[in-house]
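**Q** Provided below for reference: sequence and predicted model.
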Amino acid sequence: MNALLVYPQFPDTFWSFRHALKFIRKKASSPPLGLVTIAALLPPAWEKRIIDLNTNHLDDEDIAWADMVFVSAMVVQRDSAYDVIHRCKLAGKTVVAGGPLFLGEWDKFGEVDHFVLNEGELTLPLFLQDLEKGSLQRVYASEEFADMTQSPVPLWELVDTRYYDSLSIQYSRGCPFNCDFCNVTAMLGHRPRTKTAAQIIAELDKMYALGWRRNIFFVDDNFIGNRKELKEEILPALIRWRKGKKGCYFITEASINLADDPELMKMMVDAGFTSVFVGIETPAEESLAECHKGQNLRRNLVESVQRLQRFGLQVMGGFIVGFDSDRPTIFQQQLEFIQKSGIITAMVGMLQAPYGTRLYERMEREGRLLQDMTGNNTDGSTNILPKMGFETLRKGYQQLMDELYSPHNFYQRVRNFLEMYNPPRLNVAIHFEEIYAFFSSIWRLGITGKERREYWRLFFWTLFRYPRKFALAITFAIYGYHFRQVNGSS
């Protein structure tokens, strides 16, 4: 059996980092972890190919080679997924689909032959059993949750890692919290399920053996869901693994209460973690209460962010406008908070209601659901009718984004961050891509860019005051270029 696994194309979004990746001559942020894991679950005797449309073309020869095509996608990849499926069906191929897009919308993809939904460790074996018996069903789904200790080492050898800035690894699934706009718990449950330290090290060993030395993203929705296991097993194992190695720094996602645990922060930094994404959402307490974001309530959020930065963790932040409790003043509140906290990578989106969430159910009851959500957090769209009125929300959102990523405010935020941040001492691996990016930034940002005055101001300010943070300052300048391109304010 020849299995072709296809990952549809992402549009140009905040998280695509497409414009920033050009500076380091990469094509995509990371490969499709889901597909390389599914590939490892398929029978060893099968021939397998992975085509990521974000790095390669899907050629007619690839489709002709395949006996069966597996497609995995997120909501934001919907349009490309339709195109891929249609093209494969025109060629007479059997198409199997799975992933977050199809979990909530499988009935809208009439050309797909079979859906393998929920967690592949549970549903793919059922599909394969029926395939062998010649009695395939159209939909395979499960209300159970997979045992993560049975998840295989992904087949990273099937992708050309040269095209990517980071690889991905997953330690846990599930989140103990219950934010009403988040579909993580609907898909993966509240109780964090974890891999063993031996599994994590085996995955890292494979990446390292393949020559990988760049970032590795722990894609857990809340990395610190099981703190006891992290402190006693996972982080000590990571600390041992990184001894004597260059590169391979870790990025992850965690809740803001990480800032309450100095021991855990220190262990994460010692293990090689450099950045953490935190869902802050809003500085407005009434809106946090509305969406049941209890872990963010009754705390000084700016101080919590800065505590993480002082420990050596860069904070990427997620923010939302358009809660029912929000007033037109929320846009200025968000701007002031983000500037003061020094969060460089600040993803601000309008509130959307993903399928399966409590917010979706409430909006449906109230008759406030609009079109399907785009899955793009920062495209200025929403699939609900906001209480403040769509025009007020749209105009306020666009003004916020324009101000947030204007060269003056963005570069000032970089300086705010660099003054606060205490960088860990890392065993740095210098890559040609970083050298190329440095000289590219001088040309694109410092000579031809509209922000050249702010660029050179940051350049010399950092070089003379914080030389250890100079490379980071240039990296953030490149991020700002991407964000302005995506926002249309370049």
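**A** Good, I have the coordinates. Residues are numbered from 1 along each chain as shown.
**Q** So the residue lying closest to residue 118 once chain neighbours are set aside, which state does it fall into?
**A** Counting by CB to CB, 6 or more residues apart in numbering, residue 118 lies nearest to residue 142, which is 4.8 Å off, once chain neighbours are set aside. To be clear about C-beta, it is placed using only N, CA and C from the backbone, and glycine gets the same treatment. Under the three-state scheme (DSSP: H, G, I helix; E, B strand; the rest coil), residue 142 adopts coil.
**Q** any idea how far residue 142 lies from residue 15?
**A** Residue 142 sits 28 Å away from residue 15, going by CB to CB, to the nearest Å.
**Q** Same question for residue 79.
**A** Distance from residue 79 to residue 15, by CB to CB: 17 Å.
**Q** who has more neighbours, these two?
**A** Comparing residue 79 with residue 15 by other CB atoms under 10 Å, the one with more neighbours is residue 15, at 16 against 13.
**Q** For the lowest-mean-pLDDT helix or strand in the chain, which outside residues touch it?
**A** Lowest on mean pLDDT, DSSP states H and E among the helices and strands of the chain sits helix 184-188, with a mean of 85. The contact list for helix 184-188, computed with CB atoms under 8 Å, 6 or more residues apart in numbering, reads 100, 103, 118-119, 145, 173-175, 177-178, 221, 356-357.
**Q** give me the number of residues near the residue nearest to residue 118?
**A** Residue 142 has 14 neighbours, counted by other CB under 10 Å.
**Q** That one contacts residue 125, doesn't it?
**A** No: counting by CB atoms under 8 Å, residue 142 stays clear of residue 125, with 10.5 Å between them.
**Q** quick one: the residue nearest to residue 118 from residue 197, how far?
**A** Separation of residue 142 from residue 197 (CB to CB): 27 Å.
**Q** And residue 223, by the same measure?
**A** In this view, residue 223 and residue 197 are 14 Å apart by CB to CB.
**Q** quick one: which of these two has more around it?
**A** A direct count of neighbours by other CB under 10 Å for residue 223 and residue 197 places residue 223 higher, at 27 against 19.
**Q** Once you drop chain neighbours, what's closest to the more buried one?
**A** Using CB to CB, 6+ apart, the nearest residue to residue 223 is residue 252, at 4.2 Å.
**Q** residues contacting the one you found?
**A** Residue 252 makes contact with 217-220, 223, 273, 275-277, according to CB under 8 Å, 6+ apart.
**Q** Do a quick rundown of the helices in the stretch 351-490 of the chain.
**A** Applying DSSP state H, counting those that start in this stretch to the stretch 351-490 of the chain gives helices spanning 358-365, 390-404, 407-420, 432-441, 452-465, 470-487.
**Q** The one helix or strand residue 126 maps to packs against which elements?
**A** Using DSSP states H and E, residue 126 sits within helix 120-133. If contacts are counted by 3 or more CB pairs under 8 Å, 6 or more residues apart in numbering; DSSP states H and E, helix 120-133 sits against helix 33-41, strand 94-98, strand 114-116, strand 139-140.
**Q** which other residues reach the helix or strand containing residue 277?
**A** Using DSSP H and E, residue 277 sits within strand 273-281. Outside strand 273-281, the residues within contact range by CB under 8 Å, 6+ apart are 179, 182, 223, 249-256, 258, 268, 287-288, 291, 293, 296, 301, 305, 308, 312-320, 343, 424, 426.
**Q** chain center to the helix or strand following that strand: distance?
**A** Using DSSP H and E, the next helix or strand after strand 273-281 towards the C-terminus is helix 285-290. In terms of CA atoms, centre = their mean, to the nearest Å, the centre of helix 285-290 is found 25 Å from the chain centre.
**Q** Restricting to C-alpha, output helix 285-290 in PDB.
**A** Coordinates of the C-alpha atoms in helix 285-290 are reproduced here as PDB (Å, rounded to 0.1, in the frame of the first residue of the first chain):
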ATOM      1  CA  GLU A 285     -11.400  41.400  35.100                       C
ATOM      2  CA  GLU A 286     -15.100  41.300  34.200                       C
ATOM      3  CA  SER A 287     -14.200  39.800  30.800                       C
ATOM      4  CA  LEU A 288     -11.900  37.200  32.400                       C
ATOM      5  CA  ALA A 289     -14.700  36.200  34.800                       C
ATOM      6  CA  GLU A 290     -17.200  36.000  31.800                       C
END
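**Q** Return the set of buried residues in it.
**A** Within helix 285-290, the residues scored as buried using 16 or more other CB atoms under 10 Å are 287-288, 290.
**Q** most packed of the helices of the stretch 351-490 of the chain?
**A** Across those, the average number of neighbours (mean count of other CB atoms under 10 Å) peaks for helix 470-487, which reaches a mean of 22.
**Q** Could I get the CA-only coordinates of that helix as CSV?
**A** Extracted in CSV, the C-alpha atoms of helix 470-487 (Å, rounded to 0.1, in the frame of the first residue of the first chain):
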residue,chain,number,x,y,z
PHE,A,470,21.7,42.2,20.6
ALA,A,471,20.8,39.1,18.5
LEU,A,472,17.4,39.0,20.2
ALA,A,473,16.8,42.6,19.4
ILE,A,474,17.4,42.0,15.7
THR,A,475,15.2,38.9,15.8
PHE,A,476,12.4,40.9,17.2
ALA,A,477,12.9,43.7,14.6
ILE,A,478,12.3,41.0,12.0
TYR,A,479,9.2,39.7,13.8
GLY,A,480,7.8,43.3,13.7
TYR,A,481,8.3,43.3,9.9
HIS,A,482,6.2,40.2,9.6
PHE,A,483,3.5,41.4,11.9
ARG,A,484,3.2,44.7,9.9
GLN,A,485,3.0,42.8,6.6
VAL,A,486,0.2,40.6,8.0
ASN,A,487,-1.6,43.6,9.4
